[in-house]
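**Q** no FASTA, just this:
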């Protein structure tokens, strides 16, 4: 898919045993309340596009609704089986390349909106990369990779997440990507505006990238952030969030 940017330093902490990555993620999911999304519906607006989320006993429906340049309503409906595109409520045919792009786009927005909810999916591999102190707060640094089977079209992407060792908030995340139209790249996100919506923590992010492309290895992007080697790209802000059970 963190708080307002502050200058801080990172040091490795070694005073206490490090819990495994699975334990950290399980605790974070529980504390921020996203486990409640196993059976829930949600609605939000992102960049003037409306999204809805519905999950019940493993069956899900994600919907994206927007207007095209001439005012037609375009609705993408993604479920466990496939993606379906509607133009003014009429189902239309979509070629395989576009279908894959729409699936990736819809799934990506939902994935980032409700992190760390999907970090326990079957195709997710987690490892603990150390405990760090960031501006006086200790964080678990968790690396995430994906299996080819079940990991989606972008299974080769790599993610890092930083979880507060005290309250298990997910204050930072970073990831690499390889897109056909953009090539390779990476992002670092800083959380801010965390708020509870019906018991679920939702937050916005400041989105950054390296000032010089391919100049920073992903595993060291946190240090690059501290060294001023990243630049602001955009803000990831969710509006009008509603969550129901």
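**A** Noted; the coordinates are in hand. Computed from a predicted model, the values in this text were never measured in an experiment.
**Q** Relative to residue 32, how far out is residue 195?
**A** Residue 195 sits 11 Å away from residue 32, going by CB to CB, to the nearest Å. C-beta: built from backbone N, CA, C; applies to glycine.
**Q** which of the two has more neighbours?
**A** A side-by-side neighbour count of residue 195 and residue 32, using other CB atoms under 10 Å, places residue 32 first with 25 against 11.
**Q** Touching, that one and residue 169? I think so.
**A** Yes - when contacts are counted by CB atoms under 8 Å, residue 32 is listed as touching residue 169 (6.9 Å).
**Q** Now list whatever residues contact both of these two.
**A** With contacts taken as CB atoms under 8 Å, 6 or more residues apart in numbering, residue 32 and residue 169 have residue 201 as neighbours in common.
**Q** Look up which helix or strand the nearest residue to residue 203 once chain neighbours are set aside falls in, please.
**A** In space, and not counting its chain neighbours, residue 203 is closest to residue 194: 4.0 Å by CB to CB, 6 or more residues apart in numbering. Per DSSP states H and E: residue 194 is located in strand 183-197.
**Q** go on, residue 125?
**A** strand 124-134.
**Q** Now do that strand: distance to the chain's middle.
**A** 16 Å (CA atoms, centre = their mean, to the nearest Å).
**Q** Which other helices and strands does the helix or strand just after that strand contact?
**A** Per DSSP H and E, the first helix or strand lying C-terminal to strand 124-134 is strand 137-146. Applying 3 or more CB pairs under 8 Å, 6 or more residues apart in numbering; DSSP states H and E, one finds that strand 137-146 contacts helix 21-32, strand 124-134, strand 159-164, strand 170-179.
**Q** So in that sheet, which strands flank the shortest one, and in what orientation?
**A** By that I understand strand 159-164. Using DSSP bridges, the strands paired with strand 159-164 are strand 137-146 (antiparallel), strand 170-179 (antiparallel).
**Q** mind listing what's buried in stretch 48-63?
**A** Within stretch 48-63, the residues scored as buried using 16 or more other CB atoms under 10 Å are 49-55, 62-63.
**Q** Could you do stretch 206-217 as well?
**A** Neighbour-count burial for stretch 206-217 flags 206-210, 216 (criterion: 16+ other CB under 10 Å).
**Q** quick revisit: the inter-axis angle of the strand holding residue 194 versus strand 170-179?
**A** Going by axes from the mean of the first three to the mean of the last three CA atoms, to 10 degrees, strand 183-197 is angled at 150 degrees with respect to strand 170-179.
**Q** after strand 183-197, next one along is what?
**A** Counting by DSSP H and E, what follows strand 183-197 is strand 200-210.
**Q** packing partners for whatever helix or strand comes next after that following strand?
**A** Past strand 200-210, further along toward the C-terminus, the next helix or strand under DSSP H and E is helix 221-226. The contact analysis (3+ CB pairs under 8 Å, 6+ apart) places helix 221-226 against strand 10-12, strand 159-164, strand 170-179, strand 183-197, strand 200-210.
**Q** Residue 232: which of those strands is closest?
**A** strand 200-210 (5.7 Å; CB to CB).
**Q** Which strands border that closest one, and is each parallel or antiparallel?
**A** According to DSSP bridges, strand 200-210 forms sheet pairs with strand 183-197 (antiparallel), strand 230-236 (antiparallel).
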